[in-house]
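Engineer: Whatever this is, show me its structure:
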Amino acid sequence: MKYVLLLFGLLLSAQEKASFYFDFDQDTFNPKQNELFLSWLNKNEIREILVINGYCDWYGTYEYNDTLAYKRIHTVHEQLKTKNNVAIFFSENLKVKGFGERVQTRKERRFNRRVDVFYKVIPTKKIKEETIVYDDPVVYTGQKISENPIALEQFNSELQPVDPEDLVHLEAIPNRYANAKVGDKLVMKNLYFYDRSGIFVPESLPVMEELLAFMVSNPKAKIEIQGHICCQLGEDPEDIALIRAIAVHNYLVANDIDDSRLQYKSFGSTQPLHKIPEKNEKERNENRRVEILILEN
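Structural biologist: Sure thing, here's the model as predicted:
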């Protein structure tokens, strides 16, 4: 039992915390805090991010501060991603939580306007380089090295010209929103978030970029971003549907789409595609969605 407690204590001690602070009612860093954050971010060490928590002071409503907390988390998360797979690695069990004003950990309001990042420093290992001598025609990949190389002239003659029609150009891939008419409603398929948060998983970026491309190429278009949840009837106590609709809105604004062209709204679980409770995970995923309503085009 003593050894178990000792091991648990060592694991806890290996976890570190960094706190980053925001001005009143802001979800981006002021110049001083940005400098402090970048100084921490650019440390010469490898870190695994375990938990990201966001907080607000008590000024404002619960709903407003819950949203603001997730906006602050989003700011920090986006900065962390600039070092992803270089100096920053996200845990497979990364936990993201916005507490809004519901948890006040400090007496002074300014210290509650923050994001806490819990992480582990991963020791670097020096990799011993070994020279591999290929003294056998069979390489470790199983690839056979030709003992009689093909003459360059013969190799060139075997190359076939590529038919341009066989090439797939990105601009040839149709944008799902391109032919949308006023009143049309489109589901943002394959848009996924971290659990109970308004932070996109990296795989969702192409979905966001498709919507952004439509808004850029159609400057008169106006849309309403509608958030929906699954699984529970009645109110959405954590406003997850609203937080995710706002996340889409903020992504577009951050990419220079005028805010006057955007509206957002939460429908909670009032407009399910499948009756609640759902029968399976497929139905839950389809109820848990963000839709785009075309207002003008």
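Engineer: Contact partners for residue 251?
Structural biologist: 200, 208, 212 (C-beta atoms under 8 Å, 6 or more residues apart in numbering). Bear in mind the C-beta positions are built from the backbone N, C-alpha and C, glycine included.
Engineer: Quick one: mark the members of those residues that sit in strands.
Structural biologist: Members of the contacts of residue 251 lying in strands (criterion: DSSP state E): none.
Engineer: Derive a PyMOL selection command for the buried subset of those residues.
Structural biologist: Buried members of these can be picked out in PyMOL with the line below, counting by 16 or more other C-beta atoms under 10 Å:
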select buried, resi 200+208+212
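Engineer: Remind me what the helix or strand harbouring residue 206 packs against, helices and strands.
Structural biologist: Residue 206 is located in helix 205-217, with elements delineated by DSSP states H and E. Judged by 3 or more C-beta pairs under 8 Å, 6 or more residues apart in numbering; DSSP states H and E, the packing partners of helix 205-217 are helix 240-254.
Engineer: Now the helix it packs on: buried residues?
Structural biologist: 240-252.
Engineer: what's the answer for stretch 75-87, then?
Structural biologist: Those would be 75-77, 79-80, 87, for stretch 75-87 by 16+ other C-beta under 10 Å.
Engineer: now, which of those sits nearest residue 256?
Structural biologist: Lowest distance from residue 256 to the buried residues of stretch 75-87 (C-beta to C-beta) belongs to residue 75, with 17.5 Å.
Engineer: any idea whether that closest one is helix, strand or coil?
Structural biologist: Three-state call for residue 75 (DSSP: H, G, I helix; E, B strand; the rest coil): helix.
Engineer: was I right about residue 60 contacting residue 113?
Structural biologist: No - counting by C-beta atoms under 8 Å, residue 60 does not reach residue 113; the two are 11.2 Å apart.
Engineer: if you count what's nearby, which of the two comes out ahead?
Structural biologist: A direct count of neighbours by other C-beta atoms under 10 Å for residue 60 and residue 113 places residue 113 higher, at 26 against 16.
Engineer: Now do the more buried one against residue 284, distance only.
Structural biologist: Distance of residue 113 to residue 284, computed by C-beta to C-beta, to the nearest Å: 35 Å.
Engineer: Same check on residue 50?
Structural biologist: Separation of residue 50 from residue 284 (C-beta to C-beta) stands at 27 Å.
Engineer: likewise residue 199?
Structural biologist: 20 Å.
Engineer: cool, and residue 230?
Structural biologist: For residue 230 relative to residue 284 (C-beta to C-beta), the value is 4 Å.
Engineer: list residues touching both of those two?
Structural biologist: Shared contacts of residue 230 and residue 284, defined by C-beta under 8 Å, 6+ apart, comprise residue 278.
Engineer: So what touches the longest strand anywhere in the chain?
Structural biologist: The residue-count maximum for a strand in the chain (DSSP E) belongs to strand 88-100. Applying C-beta under 8 Å, 6+ apart, the contact partners of strand 88-100 are 41, 46-56, 62, 65-70, 72-73, 77, 80-81, 84, 122, 194-199, 243.
Engineer: As CSV, could you dump the C-alpha coordinates of the next helix or strand after it?
Structural biologist: Reading on from strand 88-100 to the C-terminus, the next helix or strand found by DSSP H and E is strand 114-122. Presented in CSV, the C-alpha positions along strand 114-122 are these (Å, rounded to 0.1, in the frame of the first residue of the first chain):
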residue,chain,number,x,y,z
ARG,A,114,-8.0,33.2,-16.4
VAL,A,115,-7.3,29.9,-18.0
ASP,A,116,-5.4,27.2,-16.2
VAL,A,117,-3.3,24.7,-18.2
PHE,A,118,-2.3,21.5,-16.5
TYR,A,119,0.6,19.7,-18.2
LYS,A,120,3.5,17.2,-17.8
VAL,A,121,7.0,17.9,-18.9
ILE,A,122,8.2,15.0,-21.0
